[in-house]
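Enquirer: sequence below, structure please.
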Amino acid sequence: MQRPPAIAQIKLHRHFGGGEVYARFLCAALDGLGHPNLILTHPRATYWNTLKLPAGTLRHEAATPEEAIRAIPKGIPVISHAPLPQSLLRQATARNPMSCIVHMPFTGKAEDFAGYERVFAVSEHVANSLRQRGVEPWPEPLLGVADFQRGSAGDGSIQRRSEFDWDQRKVRDRLLGLSESIWSRLRPQATYVRNPAHLNLCVVSRLTTIKKFPELFTLLAPIMAEFPRVRLELFGAGGYAQVRDTRVALRPLGERVRFWGHQTDITTIYRNVDCVLSGLPEREALGLNLIEAQQLGTPVIAVDAPPFTETVAHGVTGWLYRDPREDRGEDFRSLLRSFLDHRLELDRSGAKAHLQRFSMPAFMERVQRAWGIWLP
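Expert: Next up is the predicted model:
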């Protein structure tokens with residue numbers, strides 16, 4: 001018989017992204033520390049059916065935060081992955097010790113966290129955004145880990161899938177989603193194969209507004225187009241407008257850019273590309289995709305700004321370049337040229353020490369320090 005949960009998480013977002021990956025490896029960390037845990041997920045977030053939760057994690061579906069709170073045993077600590085409505089939080093704190101993890105730079109009001117015993121940030125970048133709004137977070141950022149156990153390993157091949165993540169709340173998206181089953185049949189099947197003669201840059205990310213890919217590639221695509229060997233592969237899906245605007249920004253690359261849609265076999269991707277690109281930094285919280293790539297030895301290229309200055313060791317696990325909105329991409333152009341001319345190499349002697357911060361043992365230690373007073 002499964003032991004009763006010692007701690008619970010509320011994660012009711014419907015779309016899959018970095019926050020969901022984070023919740024899954026937090027389950028794994030709690031399980032590894034010997035704490036059975038409960039995670040509350042939304043009924044329409046069907047991707048949880050394929051994520052591999054550890055044996056010590058019980059999953060329960062709840063359509064609303066109110067349902068989630070009612071389903072959690074009284075007295076056990078609760079981690080919410082977004083601030084709960086204040087009226088509900090007041091009820092919840094009467095039953096359970098409440099804490100909150102903040103996954104994005106904070107732009108709200110300090111009152112959003114009134115009632116939480118502890119507020120945690122996933123990076124120093126997020127912690128600073130909280131302090132600027134009058135919220136004092138737990139002094140140690142939780143950071144994250146490269147989680148390669150969350151899905152199927154696959155057969156080692158990457159097949160093209162839909163690049164769209166339809167928002168069922170929008171009439172346009174519902175209609176386009178229904179029609180996709182028809183027009184998608186007209187597209188030939190495609191399998192990703194790395195071409196060693198090219199510089200294979202890639203994006204491994206949901207195509208969301210916070211990444212600002214259209215703005216980034218409006219500046220970088222003309223520069224990439226100057227180098228015939230450069231190719232760009234996008235592994236991830238997004239809403240209609242984000243995919244449309246990203247395509248427009250990437251027109252200078254012509255047929256040297258391909259969209260592969262959401263993929264589950266991320267290990268195969270990272271091992272078959274040359275570099276992983278980040279989005280723009282200000283709305284990023286941590287950059288789990290960059291952490292994953294670095295753990296597998298794949299170099300990353302990111303803007304020289306938080307949070308990437310926390311997660312990327314320049315010249316060791318990847319390279320940082322000046323924000324292209326400041327220099328029109330000149331630093332990025334120089335980096336590409338050096339890479340193609342074989343004048344850019346990594347000094348990996350410091351990689352182990354850098355990546356140790358993002359290992360599961362290090363994360364488990366941070367989790368124990370964060371919630372240890374409440375756990376048996």
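
Enquirer: can you classify residue 76 as helix, strand or coil?
Expert: Secondary structure, DSSP: H, G, I helix; E, B strand; the rest coil: residue 76 is coil.

Enquirer: just checking, it touches residue 9?
Expert: No - Residue 76 is beyond contact range of residue 9, at 11.0 Å (criterion: C-beta atoms under 8 Å). In this view, the C-beta of every residue, glycine as well, is placed from N, C-alpha and C.

Enquirer: give me the common contacts of those two.
Expert: Residues within reach of residue 76 and of residue 9 at once, by C-beta atoms under 8 Å, 6 or more residues apart in numbering, are residue 38.

Enquirer: give me the more crowded residue out of these two.
Expert: Comparing residue 76 with residue 9 by other C-beta atoms under 10 Å, the one with more neighbours is residue 9, at 26 against 20.

Enquirer: surely the more buried one is within a helix?
Expert: No - under three-state DSSP, residue 9 sits outside any helix and is assigned strand.

Enquirer: which ones are touching it?
Expert: Contacts of residue 9 (C-beta under 8 Å, 6+ apart): 23, 26-27, 37-40, 78-81.

Enquirer: if we go to 10 Å?
Expert: By C-beta atoms under 10 Å, 6 or more residues apart in numbering, residue 9 lies in contact with 22-24, 26-27, 30, 37-41, 57, 59, 68, 72, 77-81, 101.

Enquirer: against residue 30, how distant is it?
Expert: Separation of residue 9 from residue 30 (C-beta to C-beta, to the nearest Å) stands at 9 Å.

Enquirer: thinking again about what came up before, now, of the contacts of residue 9, which are buried?
Expert: Buried by 16 or more other C-beta atoms under 10 Å: 22-24, 26-27, 30, 37-41, 57, 59, 68, 72, 77-81, 101, out of these.

Enquirer: what's the local residue count around the residue nearest to residue 205 when sequence neighbours are not counted?
Expert: Of all residues not flanking residue 205 in the chain, residue 236 sits nearest, at 4.8 Å (C-beta to C-beta, 6 or more residues apart in numbering). Counted with other C-beta under 10 Å, the neighbours of residue 236 add up to 25.

Enquirer: for this protein, what helix or strand is lowest in average pLDDT?
Expert: The weakest-scoring helix or strand in the chain, judged by mean pLDDT, DSSP states H and E, is helix 171-183 (a mean of 61).

Enquirer: packing partners for the helix or strand following that one?
Expert: Using DSSP states H and E, the helix or strand that follows helix 171-183 in sequence is strand 199-204. Packed against strand 199-204 by the contact rule (3 or more C-beta pairs under 10 Å, 6 or more residues apart in numbering; DSSP states H and E) you find helix 213-225, strand 230-235, strand 257-259, helix 266-270, strand 275-277, helix 288-295, helix 330-340.
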